[in-house]
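J.: My questions are about this predicted structure, shown below with the sequence.
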Amino acid sequence: MKMRLNKKLLVLFTLFSISAALHAQDMNALVMKVKAKLEKVKDYTADGRMKTDVAFIKAPIGRVKVYFKSPDKFKLQRDGGISVLPKGGVSINIGSMIMQTGFVAIDAGMSTVGGTAVRVVKLLPDAEAGEIILSTLYIDETNLLIRKSVTTTRENGTYEMELQYGKYASYGLPDKVLFSFNAKDYKLPKGITLEFDDTDKAVKDKMKGKKGRVEINYTAYTINTGLSDAIFK
């Protein structure tokens, strides 16, 4: 009797293991489909308007121009005014939401973002040496679009992006990006966006417990024109 019970438990465990492995493969396949869609965009130039709200700083809405070249070249230029982004602002580039290589995708169930049903997928890096510790994607499976991402890093805290799509959805490019982060966690790029060093205790105290928020509304994209590397220098 005991032997039969052990055999049944072994069979159940084996079936569970096979099911979990197949489900993991499904999640990896879903992520790779989304990645393949994004990779159709080799480069783009985009015009938009950016609103910045970081702790005690309320910057006016300003025009921006964004440049991207696959796989990871990214540049954002603001037309005057204060621009506050975490060091390594490439994080607001949607291509950076999916790790290039070496990750395991885990199904974390279903949710909704802006009324759209999404599959929640957690990406765990294979190696421990990278900047990203964990990335959570909220994927619109029907349209292969990332509606939201939450990324936890080693040096700059946790970032969150929520994306809204319109006429460029076929390229996986959003019309609107809402980017938020813990203001006290990121390293301020001295002399680039604000005129003080990130070691200033008074600044850190003001930012404690505050959320930073950047909103970009894109008005137009120019896609796959063959941008020069010189633009990003």
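T.: Sure thing, it's come through.

J.: Hmm, residue 216 and residue 64 touching each other?
T.: Yes - Residue 64 is within contact range of residue 216, at 6.7 Å (criterion: CB atoms under 8 Å). (Each C-beta comes from the backbone N, C-alpha and C, glycine too.)

J.: list residues touching both of these two?
T.: 48-50 (CB atoms under 8 Å, 6 or more residues apart in numbering).

J.: Just name the closest of those to residue 118, please.
T.: Closest approach to residue 118 among the shared contacts of residue 64 and residue 216 (CB to CB): residue 48, at 24.2 Å.

J.: how near is that closest one to residue 30?
T.: 29 Å (CB to CB, to the nearest Å).

J.: what does residue 110 give?
T.: 13 Å.

J.: quick one: the strands in this structure?
T.: 43-54, 57-69, 73-78, 103-113, 116-125, 132-140, 145-153, 158-164, 176-182, 211-223 (DSSP state E).

J.: With distance to residue 232 as new columns, can those strands be given to me in JSON lines?
T.: Shown next, in JSON lines, are the strands of the chain (distance: least, CB to CB, whole Å):
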{"stretch": "strand 43-54", "distance to residue 232": "10"}
{"stretch": "strand 57-69", "distance to residue 232": "7"}
{"stretch": "strand 73-78", "distance to residue 232": "5"}
{"stretch": "strand 103-113", "distance to residue 232": "25"}
{"stretch": "strand 116-125", "distance to residue 232": "25"}
{"stretch": "strand 132-140", "distance to residue 232": "21"}
{"stretch": "strand 145-153", "distance to residue 232": "22"}
{"stretch": "strand 158-164", "distance to residue 232": "21"}
{"stretch": "strand 176-182", "distance to residue 232": "20"}
{"stretch": "strand 211-223", "distance to residue 232": "16"}
